[in-house]
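Student: Kindly generate the corresponding structure for this input.
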Amino acid sequence: MAKLDLQDATNDERRDSSYATNAPSYMRMPTMSQGSPRRRGKASLCLSLFLAMSLGASVARAAPVDEPLPSYLEALEKAGRLPVETATAERLREQVIEAEGLLARGDERAATAVLFGVVEAPRFAPLRATLTFANAEFLLGRALARGHAYQGATRYLQRVMARGVREPYFVPAYRTLVDMALQNGRFAETLAVLDAAAPGASLPTDSANERAYLAGRAHWGQWQTADAAFAMVGESSRLYPAALYFRALIAVERGDYAQAKNAFCKIADQKDQSKVTFNVDERFFRLKDMARVALGRIAHEQGKYDEAYYYYFSVPEESERLNAALFEASWSMSQQGQFAAARAFADQFDRLFPGSPLRPDVSLLRANLAVKTCNFDGARAEASALVARYQPVAALAAKVRQDESERERLLKRVLDGNDRHNQDIEGQLIEVLKLDDEFRELIGMLADLEGDLSEALTSVRTWRELGALTKKNNKQLPAPASVEAAAVLEDAKRLMDEAKRDRAFVKPLAQLILDATAAAYPTADAGPYEREAAQAKELAAQLADLRDDTLQTLRTMVVSALEEADDRLRGVLAKTKLVHIDAVVGKKKKLEIQIGALVEGRIPIELLQKMQAEGTIADDEIYWPFEGEQWADEYENYR
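Tutor: Reported below is the predicted structural model:
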């Protein structure tokens, strides 16, 4: 078994917000948890557009711009398109409570719309100094962060922290910014933002711990600096277990297994009910299971197989790490010579994870266990079944790896995900691919991008219509500038829905949609909102490029997983041939030993047991299970 893979640990830590995994690359397993696409709630027109523009700006990492929303809200109120309300403290509290309820239900989009109407509305400006208004700003930043509009979220959270470190929402805002960094991987950039907002010396204890952890993540790879930063995270911090875990990984990198084991044990042996040593939350239990697996791997590395068994066996059945624990425990027991226990772990793996990418490896392990227990016929049967199932899959993997058109077809099927469990040869190949949480998150991001692109294109038309209504001062929406272009736009959108996973059509169709939108709803017709319409058009172009980049990243990940599966299946099938050879040689050797014993006048134990059983059988009885041949006329009731 390989050593703990630090790169995989940092990748999973980013996906899990504040925790890491230690899975080596050859054992990387997909988890079942997958973030669903952002829920979209109902919001007023300009607020939805502003959110889409904020998202686009954050995705494109554009420079911050002055917010146009206050003037838009004021203009809409003057035009009578928004209800004019008196800004009172009571009304402010009602809006904040409504937004909190929407956030609690997971409807970030609707919550954001409500909060924009509070934070940026000129009528609430006299209440900016109140604690309730600070709460609204914080909730808006958190809602934008949940919607992955990181730049907009940073802007509002900075406004909250600018009120001072002693204000009640400073610490939650600081935490939210750290969480954002752990989600998007921008550790150094976020650290600079935090230091600009509040110097480290003036931070509250909780925020100082958060900063120390983020500094460790920013300096990952510089082991001494990172370890010193993680060491500054206090035990009362929610991030202390994660910091301890990373310090253990650094100890593994240095070859100091004793220190690593000590740190992992502090995590794994922590009592679930205790909140004294660690700040326990739901993520801690995931980390605890990862520490147990890490301890099992260290013990296996040192040849302490009983100890490895103990740690692997301590992983609970509901854990996401159970698949790795069962597979590795089976190997440890096999190495120790505990073949019955190894077989039991392999059987449990097959029962709980029938669709795991590690099924070929487990099947090979089972065949080897049969050889080691002298069940040579069973070993050959296991090996033959493995070859019958996975040799066609390996052949397809080798073909798809070399054929670009086949790769594109496989990618489309993987991205669609509708028939993943279809057990044809291609479906079995998809099942063997090691596609992790990062891949599933990108698929979710792709769905978000497609929704945001649709909103951006709609906003081009909406700004034009709003400008026309302002100029004409009537309620009649203008017709498209080009009816033909509008028809082409609708046709292109339908084609995109059908071919949105096909590399040959996605990019040209996206460009066609942008061109048709510009022709049907020219930004010059938006009047006073020409700048906004142009920005929406530019945002749509950026989102189209980002969607294409995301598809390319997904394509690269599928190709990488395909290459890994091809190499792995080749290795498994090659080792299966050795199982056949070992089984034949073993059976021949067993027969030679039995014959030699008979020549020397000794009866082999297997034959002796059978003879003892047959010696107790009367003439009218038969040995069960019967292994001979029985003629029809020997049946007593034969007709």
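
Student: what's the spacing between the closest residue to residue 330 other than its chain neighbours and residue 205?
Tutor: Among residues not flanking residue 330 along the chain, residue 345 sits closest, at 3.8 Å (C-beta to C-beta, 6 or more residues apart in numbering). C-beta coordinates here come from the backbone N, C-alpha and C atoms, glycine included. Look at residue 345 and residue 205: by C-beta to C-beta, to the nearest Å, they are 45 Å apart.

Student: looking at the protein, which helix or strand is least sure?
Tutor: Within the chain, no helix or strand scores below helix 45-60, which has a mean of 38 by mean pLDDT, DSSP states H and E.

Student: re earlier: now do the contacts for the residue nearest to residue 330.
Tutor: Counting by C-beta atoms under 8 Å, 6 or more residues apart in numbering, residue 345 makes contact with 326-327, 329-330, 333.

Student: That one: what secondary structure?
Tutor: Under DSSP: H, G, I helix; E, B strand; the rest coil, the three-state class of residue 345 is helix.

Student: how near is it to residue 328?
Tutor: 9 Å.

Student: ok, now residue 344?
Tutor: 14 Å.

Student: And the two? Which one has more around it.
Tutor: Between residue 344 and residue 328, counted using other C-beta atoms under 10 Å, the more crowded position is residue 328 (24 against 15).

Student: Just give the number of residues close to residue 237.
Tutor: For residue 237, the neighbour count with other C-beta under 10 Å is 21.

Student: now do residue 126
Tutor: Residue 126: 12 surrounding residues under other C-beta under 10 Å.

Student: list the contacts for it?
Tutor: residue 87.

Student: which SSE is residue 94 in?
Tutor: Assessed by DSSP states H and E, residue 94 sits inside helix 89-104.

Student: Mind giving me the packing neighbours of that helix?
Tutor: Contact here means 3 or more C-beta pairs under 8 Å, 6 or more residues apart in numbering; DSSP states H and E; on that basis helix 89-104 packs against helix 108-119, helix 131-146.

Student: Turn the ones you listed into TSV, columns for mean neighbour count.
Tutor: As requested, those are exported to TSV (neighbours: other C-beta atoms under 10 Å):
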stretch	mean neighbour count
helix 108-119	25
helix 131-146	23
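
Student: so where is the chain shaky, pLDDT-wise?
Tutor: Along the chain, segments meeting pLDDT under 70 span 1-85, 270-282, 417-422, 470-478, 497-505, 526, 604-639.

Student: mind listing the strands for it?
Tutor: Counting by DSSP state E, one finds no strands in the chain.

Student: Would you tell me which helix is longest in it?
Tutor: helix 530-599 (DSSP state H).

Student: Excluding chain neighbours, give the residue nearest to residue 390 in space.
Tutor: Residue 390 sits nearest to residue 360 (C-beta to C-beta, 6+ apart), 5.3 Å away.

Student: again but with residue 218, I slipped
Tutor: The spatially closest residue to residue 218, leaving aside those adjacent along the chain, is residue 187, at 3.9 Å (C-beta to C-beta, 6+ apart).

Student: so that neighbour makes contact with residue 217?
Tutor: Yes - when contacts are counted by C-beta atoms under 8 Å, residue 187 is listed as touching residue 217 (4.5 Å).

Student: where's residue 532 relative to residue 176, distance?
Tutor: Residue 532 is 29 Å from residue 176, by C-beta to C-beta.

Student: And residue 521, by the same measure?
Tutor: Computed as C-beta to C-beta, the residue 521 to residue 176 distance reads 37 Å.

Student: Settle it for me: which of the two has more neighbours?
Tutor: residue 521 (28 against 22).

Student: quick one, what contacts that one?
Tutor: 460-461, 464, 480-481, 533.

Student: Same list (those residues) but as JSON lines, adding neighbour count and distance to residue 172.
Tutor: Shown next, in JSON lines, are these (neighbours: other C-beta atoms under 10 Å; distance: C-beta to C-beta, whole Å):
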{"residue": "460", "neighbour count": "27", "distance to residue 172": "37"}
{"residue": "461", "neighbour count": "20", "distance to residue 172": "39"}
{"residue": "464", "neighbour count": "27", "distance to residue 172": "41"}
{"residue": "480", "neighbour count": "19", "distance to residue 172": "47"}
{"residue": "481", "neighbour count": "15", "distance to residue 172": "48"}
{"residue": "533", "neighbour count": "26", "distance to residue 172": "37"}
